[in-house]
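Trainee: make a model of this:
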Amino acid sequence: MKKLLSVLFAFVAISLVSTVDAQIKTPSASPFSKVEQTVGLTDVHIEYSRPSVKGRTIFGDLVPYGKRWRTGANAATKVTFSKDVTVGGKALKAGSYALFTTPSAANWDFHFFEHTTSNSGGYGDATPALTVSATPEATGMNVESFLINIDNLKDDGATLSIIWANTRASVELGVHTEKEAMASIEKTLAGPTAGDYYSAGQYMASKGQDLDKALMYIQKATKGDSPRFWQVKNEAELLAKMGRTKEAIAAAKQSLALATEAGNADYIKMNKDNLAKWAKM
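Mentor: Residues are numbered from 1 along each chain as shown. I've put the predicted structure just below:
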């Protein structure tokens, strides 16, 4: 009997735990949505929730005129720009922003706050990084679910639109595609930097591949105007590995001087250890 009761108690306990852990899943009244759009060479990400009209009067009623609105539902709408942009012709730094708006019948203000919290109520005393104005327009159709859209894509910009019920409010996004593209072209056509050569040479040396070429690449950095102590130290060790001890000692002395100037105790010790070891060879 006691054994049977123990089994029954265990079964009840397991059932209670399962009931507590179970979660009832139902559709969200304002489903989460995400927009990912590349404009020119800039990535724009928008995360927001989409409430529905459901027969209600939206602007001027559910969303009062003249009051700041979280622009969606649930968490604060988050807009992220991978690079500096302009919004409505005004500069805005790369980063993540909480988007709020202040609608009215004749004018909308778009407010971009530096994103610090997903809580839409957490921006009450904050000052927006940028505010721009837009003129709303009637769409001539009813859009049931709240929508944020990026369209009219061009190399140097796009249109960011808020659309709900029969209203659209839009601002122009500007990106610096031409400047960024030219910088990329000039960098690429100028060829590898000394740092690129050093990285390639150090990788080849670490793999024991074509040490002569690895040394040539490393020396593109170490024989330049501003060699770094860690670069010269690795050059010295590669020279020693190649049996060129005299050159290795000279490079180690140079690295030691640079490390001493920089105040880097670790590299001072490593160079002194190498010099003591190679002096015996």
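Trainee: contacting residues around the helix or strand where A248 lies?
Mentor: If you go by DSSP states H and E, A248 is part of helix 245-262. Contacts to helix 245-262, defined as Cβ atoms under 8 Å, 6 or more residues apart in numbering, come from residues 222, 227-230, 232-233, 235-237, 239-240, 267-268, 271-272, 274-275, 278-279, 281. For the C-beta atoms, the positions are set from N, CA and C on the backbone; glycine is no exception.
Trainee: hmm, try it at 6 Å
Mentor: Outside helix 245-262, the residues that touch it by Cβ atoms under 6 Å, 6 or more residues apart in numbering are 229, 232-233, 235-236, 239-240, 267-268, 271, 274-275, 278, 281.
Trainee: lowest-confidence one in those residues?
Mentor: When the contacts of helix 245-262 are compared by pLDDT, M281 scores lowest at 82.
Trainee: burial of the closest residue to it other than its chain neighbours, as a residue count?
Mentor: Using Cβ to Cβ, 6 or more residues apart in numbering and skipping residues adjacent in sequence, the residue nearest M281 is T245, 5.2 Å away. Number of residues near T245 (other Cβ atoms under 10 Å) recorded here: 15.
Trainee: so how far is L189 from T245?
Mentor: T245 sits 40 Å away from L189, going by Cβ to Cβ, to the nearest Å.
Trainee: also P64?
Mentor: Relative to L189, and taking Cβ to Cβ, P64 is found at 56 Å.
Trainee: higher neighbour count, those two?
Mentor: Counting neighbours by other Cβ under 10 Å for P64 and for L189 shows that P64 has the greater number, 13 against 7.
Trainee: what separation do you get for that one and F110?
Mentor: Distance from P64 to F110, by Cβ to Cβ: 17 Å.
Trainee: quick one, phi psi at the most centrally placed residue in the chain?
Mentor: The geometric centre of the chain, computed from its C-alpha atoms, lies nearest to S82 (Cα atoms, centre = their mean), at 6.1 Å. Here is the backbone geometry of S82 (degrees, to the nearest 10): phi -80, psi -20.
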